[in-house]
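[1] model this:
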Amino acid sequence: MKHRLAVPAFVLGLMVLIGALAVPTLAAQGGKGKKQAAKTKTFEVCKHGCRYRTIQKGVDAAGSFKAKKANAKVKAVVAIRPGKYVEGVVLDGTLRKKSFDGLTIKGTKKDRKKVVLEGKNAKGELGAAQNGIEAISVDGLVLENMWARNYQSNGFFIHASGEGGQHCNGYKMDNLLASANRSYGLFAKYCYGGKMINSAGYHHGDSAFYVGETPCDSKTWTNHGVAPPPAPCQRKPKWTLLKNLRSYENVLGYSGTNSKYVKIVDSAFYNNGAGIVPNTLDSEGFEPNGWNVFENNDVFWNNYNYFLAGSKFHTVSGGLGQVAGATVNYPTGVGIVLYGSAKTVVKHNNVFGNYKWGIASFSGPGEVFVANEGDDAKNINNQIVENTMGREGADPNGEYDLWNDGTGGGNCWSANSANSTFAPGNGKVPLSQLYPACPQAEVLADQVRSLDIVAGLQINLGDESDPKTILGYAASNPPQKQECSWVRRLPSHPAFEKFKPVEVAPQPGEVSCG
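    Below is the predicted model of the structure:
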């Protein structure tokens, strides 16, 4: 029997090390048919013990690193350890010596409350910090696991102006919390597609979630024209997804001025002034809003009268415009509002416990409404189908489940709850004409009007303050009197999951409904 030679342990260790070096790691493999792992460079931020003590410094370092050609394919991550960061972070994608495209900024903990961007006492270049994180003309930005609060404008703001080739594309905002910012929580404007997912927002002077001014293929795009008919805004649409969101105690749960190609799904909008509110206004480009999908959402108890002194927040807006000298505000007590919307699908939503209307649709008449002088805010070709209204009677909406002002055309209502109630107006227009069944032939914007004086739902020329009309209700003076026409059909709301209704109680003499 032959004896084996004993091999010293250090020799065995050396052999193992050499063997390991002989086999490339996944990051180094580049052979044919094998996927090469992306390299990652991490810029760590923390209050003590890290190279970067502020998020801005970490972001600037990552931008300078990515601007070098040799690092173009390296994934850059700004990793933020738990702490409170009193600053406003800016990523300016127009700077030549920095590149922020594809950058990830994230808290290192899944608990988004561990990394706080604090706006109180935060300073920016021109004074108080306006936003928690602002990204200008950046593609593929990822924001994760953070909380932005108390900023003068917005929590998380991604946008581009469209001037000089500026662009914004494919962002992702994931597991974020925004609270008590003056305007918006999560805000995207002039962007080609993106995601807002798994996030929450409350106490905002406009909305917790906002997607606005969706850009079109042409800067001169218009929804007007008959021969030929208008071209699509985007021939190959880039969609924006809003999913698994919680929006509560804001002026609006979701707002989208002139937004397009937005899908809002599997989310909850509750205890706001109004829930989901896409809208068309002259204040931004590419009117109108439309081509959106709102599906499988819970939209309930949106009865927060933020005009009252006891509100925890107040509207940032001075009103939407004027009608007969009165200021028009967004209607409160409404679940879903289609305001000047085109080809939007509202489907499979659970809408209940809103004291004015469940789902309302109306146009902005350019003839009388200052906010829409161009007559672009027309409700056309929308589908309101298969929604559960008022929890089948367990928690009814107020005056009516479904409300339509009789303007526009091509709109339809089908297969909503069998016991749904419909606003009849003055009775001069039959319900079958106000709420025709699906499908309906589509119309062009220039074939219909945004003003109706017949049905008595949009405006009452004999009483322009009539709260049963949208313009009379929205122009309530003072605005806190909107609640005078609310209808509370139950003494209290039945329990729904773990949610609790939140309303503002008027102070003595604050609301006179006589």
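[2] CA only for contacts and neighbour counts going forward, please
    Fine.
[3] all helices of the stretch 51-200 of the chain, in order?
    Using DSSP state H, counting those that start in this stretch, the helices assigned to the stretch 51-200 of the chain run over residues 55-67.
[4] repeat for the chain
    Along the chain, the stretches classed as helices by DSSP state H are 9-22, 55-67, 431-434, 470-474.
[5] I'd like the average pLDDT over the longest strand seen in the chain.
    Among the elements of the chain assigned as strand by DSSP state E, the one spanning the most residues is strand 169-179. Strand 169-179 comes out with an average pLDDT of 99.
[6] run through who's touching that strand.
    Contacts with strand 169-179, where a contact means Cα atoms under 8 Å, 6 or more residues apart in numbering, come from 110, 112-113, 138-150, 155-156, 185-186, 191-204, 208.
[7] show me how to select, in PyMOL, the buried members of those residues.
    Applying 16 or more other Cα atoms under 10 Å to those, the buried members can be selected in PyMOL as follows:
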select buried, resi 112+113+138+139+140+141+142+143+144+145+146+147+148+149+150+155+156+185+186+191+192+193+194+195+196+197+198+199+200+201+202+203+204+208
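[8] sort out for me which of the contacts of strand 169-179 are in strands.
    Within the contacts of strand 169-179, residues falling in strands by DSSP E are 142-149, 155-156, 185-186, 192-197, 200-202, 208.
[9] so where's the protein shaky on pLDDT?
    Low-confidence regions of the chain, defined by pLDDT under 70, span residues 1-38, 367-374.
[10] where along the stretch 351-500 of the chain do the strands fall?
    Taking DSSP state E, counting those that start in this stretch, the strands of the stretch 351-500 of the chain run over residues 357-362, 383-385, 388-389, 400-404, 412-414.
[11] how far does the first one sit from its chain's centre?
    The gap between where strand 357-362 is centred and where its chain is centred comes out at 19 Å by Cα atoms, centre = their mean, to the nearest Å.
[12] each with direction, which strands does it pair with?
    Strand pairing for strand 357-362, using DSSP bridges, gives strand 334-339 (parallel), strand 400-404 (parallel).
[13] export the ones you listed as a markdown table, with columns for mean neighbour count and distance to residue 278.
    What follows is those, written out as a markdown table (neighbours: other Cα atoms under 10 Å; distance: least, Cα to Cα, whole Å):
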| stretch | mean neighbour count | distance to residue 278 |
| --- | --- | --- |
| strand 334-339 | 28 | 6 |
| strand 400-404 | 25 | 15 |
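[14] now for the residue nearest to residue 470 when sequence neighbours are not counted, how many residues are close by?
    Taking Cα to Cα, 6 or more residues apart in numbering, and ignoring the residues beside it in sequence, residue 470 has residue 458 as its nearest neighbour in space, at 5.2 Å. Neighbours of residue 458 under the rule other Cα atoms under 10 Å: 28.
[15] so residue 458 touches residue 405, yeah?
    Yes - shown here, residue 458 and residue 405 form a contact pair, counting by Cα atoms under 8 Å, at 5.0 Å.
[16] got any residues that touch both of those two?
    Shared contacts of residue 458 and residue 405 (Cα under 8 Å, 6+ apart): 362, 452, 469-470.
[17] between those residues, which is closest to residue 265?
    Checking these against residue 265 with Cα to Cα, the nearest one is residue 362 at 22.5 Å.
[18] just checking, the closest one touches residue 379?
    Yes - between residue 362 and residue 379 there is a contact under Cα under 8 Å: 6.2 Å.
[19] higher neighbour count, these two?
    When neighbours are counted by other Cα under 10 Å, residue 379 comes out ahead of the other of residue 362 and residue 379, with 33 against 27.
[20] who's in contact with the more buried one?
    For residue 379, the contacting residues are 338-342, 361-363, 407-409, 411, 450, by Cα under 8 Å, 6+ apart.
[21] most surrounded residue in those?
    Counting neighbours by other Cα under 10 Å, the top entry in those is residue 341, with 32 neighbours.
[22] give the residues shared as contacts by residue 362 and residue 379.
    Common contact partners of residue 362 and residue 379 (Cα under 8 Å, 6+ apart): 338-340, 407.
[23] of the residues you listed, closest to residue 464?
    Taking Cα to Cα as the measure, residue 407 is the one of the shared contacts of residue 362 and residue 379 closest to residue 464, at 17.3 Å.
[24] is it true that the closest one touches residue 453?
    No - with contact defined as Cα under 8 Å, residue 407 and residue 453 do not form a contacting pair (9.4 Å).
[25] so how many other residues sit close to residue 102?
    For residue 102, which is what you asked about, the neighbour count (other Cα under 10 Å) is 20.
[26] my error: substitute residue 68 in the last question.
    Residue 68 - counted by other Cα under 10 Å - has 12 other residues nearby.
[27] which phi and psi does it have?
    With angles defined as degrees, to the nearest 10, residue 68 shows backbone torsions of phi -80, psi 130.
[28] roughly how far does it sit from residue 98?
    Residue 68 sits 8 Å away from residue 98 when distances are taken as Cα to Cα, to the nearest Å.
[29] what does residue 273 give?
    With distances defined as Cα to Cα, the gap from residue 273 to residue 98 amounts to 41 Å.
[30] these two: which is more packed in?
    Neighbours were tallied for residue 273 and for residue 98 using other Cα under 10 Å; the higher tally belongs to residue 273 (29 against 20).
[31] residue contacts, that one?
    Contact analysis of residue 273 by Cα under 8 Å, 6+ apart lists 249-253, 302-306, 331-334.
[32] and it, what are its phi and psi?
    Backbone phi and psi, for residue 273 under degrees, to the nearest 10, turn out to be phi -60, psi -50.
[33] re earlier: JSON lines for the strands of the stretch 351-500 of the chain, including distance to residue 313?
    As requested, the strands of the stretch 351-500 of the chain are arranged in JSON lines below (distance: least, Cα to Cα, whole Å):
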{"stretch": "strand 357-362", "distance to residue 313": "23"}
{"stretch": "strand 383-385", "distance to residue 313": "32"}
{"stretch": "strand 388-389", "distance to residue 313": "29"}
{"stretch": "strand 400-404", "distance to residue 313": "28"}
{"stretch": "strand 412-414", "distance to residue 313": "35"}
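[34] to residue 503, which of these lies closest?
    Distances from residue 503 to each of those were compared by Cα to Cα, and the smallest falls on strand 357-362, at 16.5 Å.
[35] can you list contacts of the closest one?
    Under Cα under 8 Å, 6+ apart, the answer for strand 357-362 is 333-340, 351-352, 378-379, 389-390, 397-407, 458, 470.
[36] next: stretch 282-289.
    With Cα under 8 Å, 6+ apart as the contact definition, stretch 282-289 has outside contacts at 213-216, 219, 221-223, 256-260, 278-281, 340-342, 371-374, 376-378.
[37] now which of the residues you listed would you call buried?
    Of the contacts of stretch 282-289, these count as buried by 16+ other Cα under 10 Å: 213-216, 221-223, 256-260, 278-281, 340-342, 371-372, 376-378.
[38] burial of residue 220, as a residue count?
    Other residues near residue 220 come to 9 when the count uses other Cα under 10 Å.
[39] same deal with residue 245?
    For residue 245, the count of nearby residues is 26 (other Cα under 10 Å).
[40] does it touch residue 197 like I think?
    Yes - assessed by Cα under 8 Å, residue 245 is found in contact with residue 197 at 6.2 Å.
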